[in-house]
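In: need a 3D model of the sequence below.
(2 chains)
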Protein chains: 2
Amino acid sequence: MSSLKFDVIKKDGKARLGTLMTAHGPVDTPAFMPVGTAASVKAMTPEAVRETGAQIILGNTYHLMLRPGAERVERFGGLHEFMNWPGPILTDSGGFQVMSLAELRKLEEDGVTFRSHVDGSYHKLTPERAVQIQHMLDADITMALDECTPFPAEEADARRSMELSMRWAERCRQAFRERPGYGLFGIVQGGVYPDLRESSAKTLTGIGFDGYAIGGLAVGEGRELMFKTLDVTIPHLPSERPRYLMGVGKPDDLVGAVRRGVDMFDCVLPTRSGRTDQAFTRRGTLNMRNARHREDPRPVDPNCQCYCCRNYARGYLHHLIMAKEILAATLLTWHNLHYYQELMAGMRDAIAEGGLDAFTAVFAAEQASGDIEPV
Amino acid sequence: MSSLKFDVIKKDGKARLGTLMTAHGPVDTPAFMPVGTAASVKAMTPEAVRETGAQIILGNTYHLMLRPGAERVERFGGLHEFMNWPGPILTDSGGFQVMSLAELRKLEEDGVTFRSHVDGSYHKLTPERAVQIQHMLDADITMALDECTPFPAEEADARRSMELSMRWAERCRQAFRERPGYGLFGIVQGGVYPDLRESSAKTLTGIGFDGYAIGGLAVGEGRELMFKTLDVTIPHLPSERPRYLMGVGKPDDLVGAVRRGVDMFDCVLPTRSGRTDQAFTRRGTLNMRNARHREDPRPVDPNCQCYCCRNYARGYLHHLIMAKEILAATLLTWHNLHYYQELMAGMRDAIAEGGLDAFTAVFAAEQASGDIEPV
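Out: Residues are numbered from 1 along each chain as shown, chains lettered A, B, ... in the order given. Predicted coordinates for the structure are as follows:
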């Protein structure tokens, strides 16, 4: 019996409509989690993030342990209090970003030693320390420390890496302190090797977690291999627990993964794109820096009800970008997060009605149709 | 009879409590106008600006004529529509920033020719063109084109400069198109020379404007000379019309100028300071980058009711600054604008009760008292 309640309300094919009950409130699944790396969803107030429809956000253990430090966040009453986000928070374990951002990494059985990219100081992340840090941050969902297997990797290397992650997962489970509404997720590794993925999923299920993440994907293997890996992994995960595809993805990745039974996602794409002039729409992505938007009085998406589209013309957004105004990042991030949340809400509604196939067909046709014609 | 209604409701010494009725709503005076240079009050949504208590904002003709261009703003329905600010807007004439920002300026009787700092293109600003641009922007309050006399200036130079501004003021008056709720303000020049200021004030009064600005101050002359110039200028302005001290200033400048009969102000200080880690409080200015705030759980000002102080600790703001998060600029700008609006509201309440002397004494004592003691 998990201390993190999860109800699957309805199924449509392999897709599931569910609700996850955390200590800081409910999360309707399939859910997309905006990324709040350094205790801020970049360019947004927490109220604006909530207004887009987001119920849960993600914090990065690697960034927070280095600055401001987990102990400091704990003294401020935890991450919710520190950053003024009263809703649920999932934190990653730090493992992925140690590998991608830190210097002088040394990976051993016990854990990983590295130098901070912020100030050059030395740090060690062990499974126990990763869990402890996430407790200090007061994460509703704690992620087990893993090694994100690089792509490509030989099968023997992928196996060694996955097996280390499994031993670390067991240590995380031991270190995790159970409390109602709080949970620990294990992370399936194994590269693109079906046998390894199956073995990893079964090992984690044997240990027993509150949820199961699929890691090591969206690292260059391409969509086909990503979806294939989901297909060979998900059948080996317990159906009554949430499944989380880490670091994914583009809108069509989300649709394809939900259809394969994934319940949770996170990705920097909507926020990062908002700071680099990109706007997601049902009809594809727009580069708002493009001069063709200069005189355009229409919103980014005439069918969108977000704060940006209700109040601002494409021509104004283009102007803000050219004038290097901070508001450009805020408005485009707002729109993009809203787009992602609407996409998830649309899938939830479709699953509720058993209409995910029809939803998917309309989604694909709209994405392929290109931007609405110029004025 | 002006088409811009202004009522002086109460006087306390030389200070006035008033209401200005513009085409886009009322402005309670004394009023502080946040600066929205390039069709955005930097780092803020318009709703956030309004939430600080601001009723009117300022737009910069120089910036807007170069980018996105006055004609384009007009095609978008004017500046209110373009930037989603439904309230009153005052635009400056562009003259001041042509002198401070543009290259290759050439000042002639007819107007000023210059090269854009944005793209190097050539432009000419005449009194008629400055008024026309502000009409295209749909400014509730249009400012006459003037030459901002440099400081220091010999009396003969200050006179020549002021007299040119007076001839331009007359041409602006001729070019201005009267509409209910819209008005044109003349600008008193004359450097720090009392006779020139008197002459300029009388010339403008003779022409007849909807309001009178005092220009060419806060350019290096110091507070004493600025206040002295107000003292010799304001008696020559019509008491039934609003008075606007341009580009001022620090909190104690505002208090001193209100006491001398000024009704309106604008300054980049609260917004620019918000982007450079400074927070205004009743007890002086705090540099939030300072490490002493790192562990501080208190808000910037425990007595402040702004969005920033209601929700965020000093330690969090310090963290956002160190992590270079955009939200730092938004939160500190929000707080600073709220501080300025509260200061103006405090002065309006004090004037209403005939208590501006007592208000001033408390204000000065608090400013001198230094930051609240560390935790």
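
In: C-alpha from now on. contacts and neighbour counts both.
Out: Noted.

In: which residue ranges make up each domain of chain A?
Out: A:5-267, A:274-368 (automatic domain parsing).

In: redo these as CSV? Include mean pLDDT and mean neighbour count.
Out: Formatted as CSV, the domains of chain A follow (pLDDT from 0 to 100; neighbours: other Cα atoms under 10 Å in any protein chain shown):
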stretch, mean pLDDT, mean neighbour count
domain A:5-267, 97, 21
domain A:274-368, 97, 20
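
In: and B:Thr205, which of those domains is closest to it?
Out: Comparing the domains of chain A against B:Thr205 with Cα to Cα, the closest turns out to be domain A:274-368 (38.1 Å).

In: mind checking the domains of chain A for the one nearest to B:Phe6?
Out: Per Cα to Cα, nearest to B:Phe6 of these: domain A:274-368, 31.0 Å.

In: now the terminal residues of the closest one, how far apart.
Out: 22 Å (Cα to Cα, to the nearest Å).

In: does it reach chain B?
Out: Yes - in terms of Cα under 8 Å from any Cα of the partner chain, part of domain A:274-368 sits within range of chain B, namely A:295, A:297, A:311-313, A:316, A:319-320, A:323, A:325-327.

In: re earlier: dump the domains of chain A to a markdown table, plus distance to B:Thr229.
Out: Formatted as a markdown table, the domains of chain A follow (distance: least, Cα to Cα, whole Å):
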| stretch | distance to B:Thr229 |
| --- | --- |
| domain A:5-267 | 43 |
| domain A:274-368 | 36 |
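
In: between helix B:326-352 and the helix ranked longest in chain A, find me the angle.
Out: The longest helix of chain A (DSSP state H) is helix A:326-352. On the basis of axes from the mean of the first three to the mean of the last three Cα atoms, to 10 degrees, helix A:326-352 is oriented at 110 degrees to helix B:326-352.

In: helix or strand next in line after helix A:326-352, which one?
Out: Sequence-wise, the next helix or strand downstream of helix A:326-352 (DSSP states H and E) is helix A:356-368.

In: mind listing residues that contact the helix or strand hosting A:Arg160?
Out: Following DSSP H and E, the helix or strand that holds A:Arg160 is helix A:155-175. With Cα atoms under 8 Å, 6 or more residues apart in numbering or on different chains as the test, helix A:155-175 has contacts from A:109, A:127-128, A:130-132, A:144-149, A:184, A:186-191, A:193, A:196, A:200, A:203-204, A:207, A:209.

In: from A:Val258, how far out is the closest residue to A:Pro194 other than its chain neighbours?
Out: Closest residue to A:Pro194 apart from its sequence neighbours, by Cα to Cα, 6 or more residues apart in numbering or on different chains: A:Val232 at 5.9 Å. As judged by Cα to Cα, A:Val232 and A:Val258 stand 15 Å apart.

In: ok, now A:Arg179?
Out: Look at A:Arg179 and A:Val258: by Cα to Cα, they are 29 Å apart.

In: from the contacts of helix A:155-175, which land in helices?
Out: The helices, defined by DSSP H, take in A:127-128, A:130-132, A:196, A:200, A:203-204, A:207 from the contacts of helix A:155-175.

In: gap between the two ends of stretch A:303-310?
Out: Taking Cα to Cα, stretch A:303-310 runs 10 Å from one end to the other.

In: can you list contacts of that stretch?
Out: Contact with stretch A:303-310 is made by A:52, A:299-302, A:331-332, A:334-335, A:338-339, as judged by Cα under 8 Å, 6+ apart.

In: of those, which is the nearest to chain B?
Out: A:Leu331 (8.7 Å; Cα to the nearest Cα).
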